[in-house]
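Asks: What shape does this take:
(2 chains)
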Protein chains: 2
Amino acid sequence: MRDLSDDKSLLSLNTATVREQWNLREMVEGCLRHGIGGISPWRDKVQECGVDEAARLIADSGLAVSGLCRGGMFPAADAAGRRAALDDNRRAVDEAVALGAECLVLVVGGLPDGSRDIAGARQQVEDGIGALLEYSRPAGVPLAIEPLHPMYAADRACINTMAQANDVCDVLGDDGLGIALDVYHVWWDPDLAAEITRAGKERILAFHVCDWLVPTNDLLLDRGMPGDGVIDIRGIRGLVEGVGYDGHCEVEILSTRWWAEDPNLIMQTLIERHQSVV
Amino acid sequence: MRDLSDDKSLLSLNTATVREQWNLREMVEGCLRHGIGGISPWRDKVQECGVDEAARLIADSGLAVSGLCRGGMFPAADAAGRRAALDDNRRAVDEAVALGAECLVLVVGGLPDGSRDIAGARQQVEDGIGALLEYSRPAGVPLAIEPLHPMYAADRACINTMAQANDVCDVLGDDGLGIALDVYHVWWDPDLAAEITRAGKERILAFHVCDWLVPTNDLLLDRGMPGDGVIDIRGIRGLVEGVGYDGHCEVEILSTRWWAEDPNLIMQTLIERHQSVV
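Replies: A predicted model of the protein is given here:
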């Protein structure tokens, strides 16, 4: 297992963490100022900045781009909706190419409006990823399926476990396809260790950290700073590094509480927790 | 599959559904007035009424008692805490005997204070159920492990899937042990059908319904009336009845929204949804 106690280069800032305080330029400057090695932008921040300008800014910074968040949202109530989703995903691939992102993270989508057919939604996801791979493979952008916590199954992602993500990789093939593992979504899973082993180094394309707070007061916007909750983050890092993961530890904290804080304090706290807890 | 379109006798009222409006006597009277066949009390309502009086009230009513909610909460930070939990569970068994409850529902508990060891908590749960079985088996009270949604893994129940509940039954034996399946907790699970088949008629001791709302605004108190959300309730009922389940459909809705409504309107709505959606 890697020793992070003096490391900052393996820490990557997911832009959601300070999205309410900083624009992309300020985030890049913040990473440089604090010595953080990587960034993982959400597309809203990229588009706000302009894709070309964002690409130039990040290239000039020398920051690694541990991922682009996010593609996905494949299921739709009709064929037109599915085509629109696929078109948007192709644009996301183009942006990932422009930014030199190591992967495009997929939040795959939940039930179409009015639907109660979760098996059908899962099939739509598999079909959608299959279609997107025809575009992303030649572009050289790996797609990283992010299993989301089951509390998001209805409205954000109907892939909710590592086992499901591994199953989709089995079906569609490992070429240009893998998994983004966020501890927040999978820490509870009794099959986690076995499914990380099954995924192996080849499939684990990204490793995201934050923490599960007790109590959690909001399903979406009450994630915790690593160390403030109940997730055995280091134990899970041990599992992914045990199969060979050697990429960044990306911090993604969606939190109204942290969004009200000084972003430089957040950056300092991220580094401290990266070195002591992650 | 049973035809519920004209049924009220297979509907059971979990007292959590109207807990803010009625005491146990009013609930029993409400069930009789509306022609509902069963009741499943929480222990707070039983104790408020007095166990003996509650037992007399329910026996006189002729209502079936589809369960007593709840035992469990086994994990604790030290041996004294685990002993206290076991003592309280034995009292719950006594109350289940007094009420003639068909099972004692177990919400097994989450992480002890300060712990990040979910595997350890799961072992404590298994040990706790094993110890309780020595008391509940001679008493003739079946224990029904309720897998809770993974969003409760930290603070309410670290058994989060049917597979885990089946695993515990495999280890401890089926005598006096089974599962309470609540659609709210398991609807998202890709292994649901397979694990219901694995459980079979013998293990499925209770079937609880409510619905998953989109959006869900609170992790605990924003459950929906059947039909108002995205769960394929009838599909899941088909699965449990497909393996032979022939007990009640118990409605358990924890909802600040519904707790503000006229309880007689709730009873009417429960019946309507039981007949049309469940």
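
Asks: What is the burial count for A:Ala64?
Replies: By the measure other CB atoms under 10 Å in any protein chain shown, the count of residues near A:Ala64 is 21. From N, CA and C alone the C-beta is placed, and that goes for glycine too.

Asks: so it makes contact with A:His248?
Replies: Yes - using CB atoms under 8 Å, A:Ala64 is in contact with A:His248, at 6.5 Å.

Asks: Return every residue with contacts to both of these two.
Replies: A:Ser12, A:Gly37, A:Gly38 (CB atoms under 8 Å, 6 or more residues apart in numbering or on different chains).

Asks: I figured the first one hits A:Ile271, correct?
Replies: The one in question is A:Ser12. No - contact status for A:Ser12 versus A:Ile271: not in contact, 11.8 Å apart, counting by CB under 8 Å.

Asks: Out of these two, name the residue with the larger neighbour count.
Replies: A:Ser12 (29 against 17).

Asks: For A:Arg257, see how far away the more buried one is.
Replies: Separation of A:Ser12 from A:Arg257 (CB to CB, to the nearest Å): 22 Å.

Asks: likewise A:Arg203?
Replies: 33 Å.

Asks: repeat for A:Ala194
Replies: The value you get for A:Ala194 to A:Arg257, if CB to CB is used, is 34 Å.

Asks: Enumerate every residue touching the residue nearest the centre of chain A.
Replies: The centre of chain A sits closest to A:Val105, judged by CA atoms, centre = their mean, with a distance of 5.2 Å. Applying CB under 8 Å, 6+ apart to A:Val105 gives the contacts A:Ser40, A:Gly67, A:Leu68, A:Cys69, A:Arg70, A:Gly71, A:Gly72, A:Ala144, A:Glu146, A:Ala180, A:Ala206.

Asks: Could you do A:Lys45 as well?
Replies: A:Thr15, A:Arg19, A:Asn23, A:Leu24, A:Met27, A:Ala54.

Asks: Would you mind listing which of those are buried?
Replies: A:Thr15, A:Arg19, A:Leu24, A:Met27, A:Ala54 (16 or more other CB atoms under 10 Å in any protein chain shown).

Asks: which SS class is the last one?
Replies: Same thing as A:Ala54. At A:Ala54 the chain is in helix, as set by DSSP: H, G, I helix; E, B strand; the rest coil.

Asks: Leaving out chain neighbours, which residue sits closest to it?
Replies: Among residues not flanking A:Ala54 along the chain, A:Val46 sits closest, at 4.6 Å (CB to CB, 6 or more residues apart in numbering or on different chains).

Asks: distance of that neighbour from A:Pro142?
Replies: 18 Å.

Asks: Touching, A:Asp228 and A:Leu213? I think so.
Replies: Yes - between A:Asp228 and A:Leu213 a contact is recorded at 6.4 Å, counting by CB under 8 Å.

Asks: what's the closest of the contacts of A:Val105 to chain B?
Replies: A:Glu146 (15.7 Å; CB to the nearest CB).

Asks: List the contacts of the closest one.
Replies: A:70, A:72, A:105-108, A:157, A:159, A:165, A:179-182, A:185, A:206, A:208.

Asks: Out of those residues, which sit inside strands?
Replies: A:Arg70, A:Gly72, A:Val105, A:Leu106, A:Val107, A:Ile179, A:Ala180, A:Leu181, A:Asp182, A:Ala206, A:His208 (DSSP state E).

Asks: ok, now which ones touch the fifth one?
Replies: Read it as A:Val107. Counted by CB under 8 Å, 6+ apart, A:Val107 has contacts A:Cys69, A:Arg70, A:Gly71, A:Gly72, A:Met73, A:Glu146, A:Leu148, A:Arg156, A:Ala157.

Asks: From A:Ala144, how far off is the nearest residue to it once chain neighbours are set aside?
Replies: Excluding the flanking residues, the one nearest A:Val107 by CB to CB, 6+ apart is A:Gly72, at 4.3 Å. Separation of A:Gly72 from A:Ala144 (CB to CB): 10 Å.

Asks: tell me, what's touching these two both at once?
Replies: A:Val105, A:Leu106.

Asks: average pLDDT across the helix or strand A:Gly120 falls within?
Replies: Following DSSP states H and E, the helix or strand that holds A:Gly120 is helix A:118-139. For helix A:118-139, mean pLDDT is 98.

Asks: Check stretch A:246-256 too.
Replies: Across stretch A:246-256, pLDDT averages out at 98.

Asks: Same question for stretch A:178-196.
Replies: In the prediction, stretch A:178-196 has an average pLDDT of 98.

Asks: what comes up buried for that stretch?
Replies: Of the residues in stretch A:178-196, those buried (16+ other CB under 10 Å) are A:178-193, A:195-196.

Asks: What is the end-to-end distance of that stretch?
Replies: The first residue of stretch A:178-196 is 12 Å away from its last residue (CA to CA, to the nearest Å).

Asks: quick one on the thing from earlier: from the contacts of A:Lys45, pick the one nearest chain B.
Replies: For the contacts of A:Lys45, the nearest to chain B is A:Arg19 (19.9 Å; CB to the nearest CB).

Asks: what's the distance between that closest one and A:Trp42?
Replies: 7 Å.

Asks: Kindly report the same for A:Thr216.
Replies: Going from A:Thr216 to A:Trp42 by CB to CB gives 22 Å.

Asks: Same check on A:Leu239?
Replies: For A:Leu239, the distance to A:Trp42 - CB to CB - is 27 Å.

Asks: Kindly report the same for A:Leu32.
Replies: Counting by CB to CB, the gap from A:Leu32 to A:Trp42 is 19 Å.

Asks: ok, these two, which is more surrounded?
Replies: A:Trp42 (19 against 14).

Asks: my read: that one touches A:Leu13, true?
Replies: No - A:Trp42 is not in contact with A:Leu13 according to CB under 8 Å; the separation is 11.2 Å.

Asks: tell me how far stretch A:63-73 is from the chain's mean position?
Replies: In this view, stretch A:63-73 has its centroid 7 Å away from the chain centroid, taken as CA atoms, centre = their mean, to the nearest Å.

Asks: and the end-to-end length of it?
Replies: Note: stretch A:63-73 ends 28 Å apart using CA to CA.

Asks: average model confidence for that stretch?
Replies: Mean predicted lDDT for stretch A:63-73 stands at 98.

Asks: Strands along chain A, start to end?
Replies: Using DSSP E, strands in chain A cover A:11-14, A:38-40, A:64-65, A:68-72, A:104-107, A:143-145, A:177-182, A:204-209, A:249-251.

Asks: Report the buried residues of stretch A:195-203.
Replies: A:Glu195, A:Ile196, A:Arg198, A:Ala199, A:Arg203.

Asks: which of these lies closest to A:Gly50?
Replies: A:Arg203 (33.0 Å; CB to CB).

Asks: Report the spatially nearest residue to that closest one, omitting neighbours in sequence.
Replies: A:Gly178 (4.2 Å).

Asks: Now do the one you found against chain B, distance only.
Replies: 19 Å (CB to the nearest CB, to the nearest Å).

Asks: Give the bridge partners for that residue, please.
Replies: A:Ala144 (DSSP bridges).

Asks: Up against chain B, what does the stretch 1-150 of chain A have?
Replies: By CB under 8 Å from any CB of the partner chain, the part of the stretch 1-150 of chain A that sits against chain B consists of A:Leu111, A:Ser115, A:Arg116, A:Asp117, A:Ile118, A:Arg122, A:His149, A:Pro150.

Asks: Any of these buried? List them.
Replies: Buried, going by 16+ other CB under 10 Å: A:Leu111, A:Ser115, A:Arg116, A:Asp117, A:Ile118, A:Arg122, A:His149, A:Pro150, out of those.

Asks: hey, where'd the helices end up in chain A?
Replies: A:24-34, A:43-49, A:51-61, A:79-99, A:118-139, A:162-172, A:183-186, A:192-203, A:233-242, A:256-259, A:263-276 (DSSP state H).

Asks: Other residues contacting the first one?
Replies: Counting by CB under 8 Å, 6+ apart, the neighbours of helix A:24-34 from elsewhere in the structure are A:8, A:13, A:15, A:18, A:22, A:36-39, A:41, A:45-46, A:48-49, A:54, A:57-58, A:61, A:63, A:263-264, A:267-268, A:271.
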